[in-house]
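Q: What follows is a predicted structure for the sequence shown.
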Amino acid sequence: MSASSFAEGKATIASEYSSEVRREPIEHQFNPYSDNGGTILGIAGKDFAVLAGDTRHTTGYSINSRYEPKVFDAGDGFLISANGFSADGNALVKRFQNQLKWYHFNHGKKMGIRSGARFIQHLLYGKRFFPYYVHTIIAGLDEEGKGAVFSFDPIGSYEREQCRAGGSAASLIMPFLDNQVNFKNQLDPESNGTKKKELRYLSLEEVLKLVKDSFSSATERHILVGDGLEIMIVTKEGVRTEYYPLKKD
Amino acid sequence: MNHDPFAWGRPLNETYGEYNYNIANASSVTSHRNPKMATQQPIVTGSSVLAIKFKDGVIMAADNLASYGSLARFDNVERLLQVGKDTIVGCSGDISDFQKIERLLDDLEIEDGYDIENYELKANHIHEYLSRVFYNRRSKMDPLWNSCLVGGFDADSGEPFLKYVDLLGVTYGADSLATGFGSHLAIPLLRKKLDSDDAVKNLTEEEGIKLISECMKVLYYRDARSLDKYSLAIIKKDDVKLIKGLRCEDMSWRFASGIRGYGN
């Protein structure tokens, strides 16, 4: 709208924007995902496995809850946690638990951890083109009674590992675990720097110490981690849970 | 000659000009040109809902305003809904989607009554149901645009129950919860009082009501889409008191005369 159109007496509006013609609709996209923070960690031992997670639930800079558990005992000695977008995480865990129930009806036996892991791959890959936005870790005992940890990416790629950290502070915890569980970059002191430190299984006490240190350190450096630490431990005796407070700031 | 009209093709553009898609504004024609209408936005909206656990149950509050953008459109809307004997659902966000939820929960109650006699829907059942509805709708990319609080009692433990669920299907529980602006303005005040399990166990009904109404006042001071008229629900075992038409009292607006800008 130019000055001349005012002179012609056409203009009755103050702004030019309202007279602009839009040719296409304004597109608002609904975003079906969010990030609810938190971190999880699984470590396998000789005859046990642990799966731990902090209990803080967030969206953005807001703390929604200081105690919202995300590590679950799915039955059959399975520990499972899906960290990332909590609605997807809960949906995945519930689907797994429900299918495990049907497995019992149909086969009348416990599901093995390797079968469970392969099944979770199918649950995840089944939504390949609208993925569950989660980093999934399961822990349990394998058919020989050895501790087992399997970790998955959001679309189902998975691997059996000795330890794995997932979620917001995975990048803070994982290198620490590489060094302390798999003895990466550690040398045998006796060999005068010529031999790598020999691998060995850690005891449950050592593992619990590592888990607590990992989470208290991640709490110091990551804003989405804190409030509480819930550790689930699976041995041949069964599953038990321990809780330790973390800093609430 | 091929007598199938579909094989004849379209009239030549050079001869007849380009086809006018606006003829009769047919919907199939519009959808042909526009992207699929799979998204939406909230239109008539309600603001915050507040809730706390206390010694005997849960206290919830929500004001009676439904806004149309920045216009205070409807000032007598009830956003707290009783379901079953001792459950309250409080909704913020789109009011028409809330009305859909009202009907869903009404149907649920009726159907449940047919199927199982002498069995009662408790807060955790309602919350589970709502979270599934919300999550399924978001997965269809057609969300119900609300954030809800569900307050009442857990069916198994009988303990006070308070949980949140929103348009994404995200859920969480805590001793004090709020939606919308309340999660920024009221939560710090609520958490200051309810900082432990013991604090919840010791909080009386009177103290709880005072705490919540103080927060409703703070919200009315600072949330531009709020109203000083609100409803309060006090949920105790098998007993819900829904108090309507309460007012924010003992406010001081003297500071307002010092504010400059926005037209004065």
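A: Okay, I see it.
Q: so the residue of the stretch 151-264 of chain B found nearest chain A, which of the three states?
A: Of the residues in the stretch 151-264 of chain B, the one nearest chain A is B:G169, at a distance of 3.8 Å by C-beta to the nearest C-beta. (Each C-beta comes from the backbone N, C-alpha and C, glycine too.) Three-state call for B:G169 (DSSP: H, G, I helix; E, B strand; the rest coil): coil.
Q: which non-adjacent residue is nearest the residue in chain A that chain B sits nearest to?
A: Closest approach between chain A and chain B, counting by C-beta to the nearest C-beta: A:A87, at 3.8 Å. Nearest residue to A:A87, sequence neighbours excluded (C-beta to C-beta, 6 or more residues apart in numbering or on different chains): B:G169, at 3.8 Å.
Q: I'd guessed the one you found sits against B:E128; true?
A: No - look at B:G169 against B:E128 with C-beta atoms under 8 Å: they stay out of range, at 11.5 Å.
Q: which one of the two has more residues nearby?
A: Between B:G169 and B:E128, counted using other C-beta atoms under 10 Å in any protein chain shown, the more crowded position is B:G169 (24 against 15).
Q: List the residues that contact the more buried one.
A: A:87, A:91, B:131-132, B:134-136, B:138-139 (C-beta atoms under 8 Å, 6 or more residues apart in numbering or on different chains).
Q: next one: B:L80
A: B:49, B:60-62, B:88-90, B:231, B:233, B:242 are the contacts of B:L80 under C-beta under 8 Å, 6+ apart.
Q: can you rerun that using 10 Å?
A: B:49, B:51, B:60-62, B:64, B:88-91, B:149, B:151, B:230-233, B:240, B:242-244 (C-beta atoms under 10 Å, 6 or more residues apart in numbering or on different chains).
Q: gap between it and chain A?
A: Distance from B:L80 to chain A, counting by C-beta to the nearest C-beta, to the nearest Å: 21 Å.
Q: give me the beta-bridge partners of that residue?
A: B:G90 (DSSP bridges).
Q: how much space between it and B:I59?
A: Relative to B:I59, B:L80 is positioned 11 Å away (C-beta to C-beta, to the nearest Å).
Q: For B:G169, report the pLDDT, please.
A: Predicted confidence (pLDDT) for B:G169: 98.
Q: Please report how far it lies from B:N124.
A: 16 Å.
Q: What ranges does chain A have for its helices?
A: A:3-7, A:86-107, A:113-125, A:170-180, A:204-221 (DSSP state H).
Q: Same list (the ones you listed) but as a markdown table, adding mean pLDDT and mean neighbour count.
A: Formatted as a markdown table, the helices of chain A follow (pLDDT from 0 to 100; neighbours: other C-beta atoms under 10 Å in any protein chain shown):
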| stretch | mean pLDDT | mean neighbour count |
| --- | --- | --- |
| helix A:3-7 | 45 | 9 |
| helix A:86-107 | 98 | 17 |
| helix A:113-125 | 98 | 18 |
| helix A:170-180 | 98 | 17 |
| helix A:204-221 | 98 | 18 |
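Q: so which of the ones you listed gets nearest B:D175?
A: B:D175 sits nearest to helix A:86-107 of all these, at 18.9 Å, using C-beta to C-beta.
Q: residues in contact with the closest residue to A:N182 other than its chain neighbours?
A: Spatial nearest neighbour of A:N182, excluding adjacent residues (C-beta to C-beta, 6+ apart): A:Q162 at 6.2 Å. A:Q162 makes contact with A:42-45, A:49, A:147-149, A:177-178, A:181-182, A:199, A:201-202, according to C-beta under 10 Å, 6+ apart.
Q: Can you tell me the closest non-neighbouring residue to the residue nearest the centre of chain A?
A: Taking C-alpha atoms, centre = their mean, the centroid of chain A lies closest to A:N83, which sits 2.6 Å from it. Distance criterion C-beta to C-beta, 6+ apart; nearest residue to A:N83, sequence neighbours excluded, is A:G167 at 3.8 Å.
Q: Tell me the bridge partners for that neighbour.
A: A:T39.
Q: what's around it, how many residues?
A: 29.
Q: Same check on B:S196?
A: By other C-beta under 10 Å, neighbour count at B:S196 equals 9.
Q: Pretty sure A:K248 is one of the things it touches, is it not?
A: No - the pair B:S196 / A:K248 is not scored as a contact, 11.2 Å apart, by C-beta atoms under 10 Å.
Q: where are the low-confidence patches of chain B?
A: By pLDDT under 70, the weakly predicted segments of chain B are B:24-39, B:262-264.
Q: can you map out the strands along it?
A: Per DSSP state E, chain B carries strands over the ranges B:44-46, B:49-54, B:57-63, B:66-68, B:71-74, B:80-83, B:87-94, B:146-153, B:160-166, B:171-173, B:176-178, B:229-236, B:239-247.
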